[in-house]
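> Sequence and computational prediction follow.
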Amino acid sequence: MTYLASSKLSLAVLGNLGFACTLCTYKLITKIFLGALREAEIEHVNDRLSQSVVESCLAMTIFREDMGAWSLALFVLLSFAKALHWLLADRVDFVGTAPSLPPRTHVGLVGLGVGLLILDCAALHLALAQTLRHGVSVHLLFAFECTVVASAAAAALVKYVLAVTDTLLEGRWSGRGVARFYLDLALDLLHLCVYVAFFAAVFSTYGIPLHLLRDVYSTARGLHRRVRDFLRYRRLTANMDARFAD
């Protein structure tokens, strides 16, 4: 065991083996719960995964004193978990536009969403416990990431419920768009609060977290756009009500 822990060649072999096992598990999960992936889903995951890898590398430079083989393994697991969350969100959006789907698709989506949410909450609990024990460290980064993906999984499940409800009502539910808008608005607000809190915690200890700047900016910009659209919608409905009051 001492040789395996100290030999770079052994660590490289074990790392490659662990990566291969994780990749096989990822493909097995997608096959069981989602079936065959669409080209748009594969392209979306590949694009976002490349950005996530770059951000993870930047995060490693900030927490370089805490990095080790175990932390690298957690980053790999986190990347695959993010990919599953993106696939879940894309498939839920597809369900909302598809005319009819077999029951197996619905069972797989619910099973994947609930399973990811449970794992996210468990990982968040462990990361927060380690953060409280060791202070601001790489564990805080994992707690932050778990919070983001857990909220995304919960939002995907709520969107699935909205889509199924609209399907059962044969597309006559006029409140679905409003409900989704409020859900996206609340999700962006939550993510912005989490980003700002994590940014402040890391900045006070390590300096500016460069890997977070793009996410903070894009989330703030998206939230501003949603609030602007909401205010415009309220003004429009108020004008319509005043014009056609009779």
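Sure, I can see it. Residues are numbered from 1 along each chain as shown.
> distance between stretch 182-194 and the chain's centre?
Distance, stretch centre to chain centre, for stretch 182-194: 12 Å (C-alpha atoms, centre = their mean, to the nearest Å).
> And stretch 181-199, by the same measure?
The answer for stretch 181-199 is 12 Å, by C-alpha atoms, centre = their mean.
> Name the surrounding residues that touch that stretch.
140-141, 144, 147-148, 151-152, 155, 158-159, 162, 209, 212, 215-216, 219-220, 222-223, 226-227, 229-230 (C-beta atoms under 8 Å, 6 or more residues apart in numbering). Yep, even glycine has a C-beta here, placed from its N, CA and C like the rest.
> For it, C-alpha coordinates in PDB please.
Only the C-alpha atoms of stretch 181-199 are listed here, as PDB (Å, rounded to 0.1, in the frame of the first residue of the first chain):
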ATOM      1  CA  PHE A 181     -40.800  31.900 -15.600                       C
ATOM      2  CA  TYR A 182     -41.000  32.300 -11.800                       C
ATOM      3  CA  LEU A 183     -39.100  29.000 -11.400                       C
ATOM      4  CA  ASP A 184     -36.300  30.200 -13.600                       C
ATOM      5  CA  LEU A 185     -36.300  33.600 -11.900                       C
ATOM      6  CA  ALA A 186     -36.000  32.000  -8.400                       C
ATOM      7  CA  LEU A 187     -33.300  29.600  -9.600                       C
ATOM      8  CA  ASP A 188     -31.200  32.400 -11.100                       C
ATOM      9  CA  LEU A 189     -31.600  34.400  -7.900                       C
ATOM     10  CA  LEU A 190     -30.500  31.500  -5.800                       C
ATOM     11  CA  HIS A 191     -27.500  30.800  -8.000                       C
ATOM     12  CA  LEU A 192     -26.500  34.400  -7.900                       C
ATOM     13  CA  CYS A 193     -26.700  34.500  -4.000                       C
ATOM     14  CA  VAL A 194     -24.600  31.200  -3.900                       C
ATOM     15  CA  TYR A 195     -22.000  32.600  -6.300                       C
ATOM     16  CA  VAL A 196     -21.600  35.900  -4.400                       C
ATOM     17  CA  ALA A 197     -21.300  34.100  -1.100                       C
ATOM     18  CA  PHE A 198     -18.700  31.700  -2.400                       C
ATOM     19  CA  PHE A 199     -16.900  34.500  -4.200                       C
END
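> ok, now which ones touch the spatially most central residue of the chain?
Per C-alpha atoms, centre = their mean, the C-alpha nearest to the average position across the chain is that of V149, at 3.3 Å. For V149, the contacting residues are A81, K82, H85, L116, D120, by C-beta under 8 Å, 6+ apart.
> quick one: pLDDT of the second one?
As predicted, K82 sits at a pLDDT of 94.
> Equivalent analysis for the third one, please.
At H85, the model reports a pLDDT of 96.
> how about the helices in the protein?
2-6, 8-33, 39-62, 69-97, 103-134, 138-168, 176-205, 210-243 (DSSP state H).
> looking at those, which is buried most?
Each of those was assessed for mean neighbour count using mean count of other C-beta atoms under 10 Å. The highest is helix 138-168, with a mean of 20.
> Any idea how far that one is from the middle of the chain?
7 Å.
> tell me the angle that helix makes with helix 176-205.
Taking axes from the mean of the first three to the mean of the last three C-alpha atoms, to 10 degrees, one finds that helix 138-168 is oriented at 180 degrees with respect to helix 176-205.
> now the angle from helix 138-168 to helix 69-97?
10 degrees.
> pLDDT averaged over helix 138-168, what's the number?
On average, helix 138-168 scores 92.
> pLDDT wise, what is L11 at?
On the pLDDT scale, L11 is placed at 67.
> got any ranges where the protein has weak pLDDT?
1-8, 10-11, 244-246 (pLDDT under 70).
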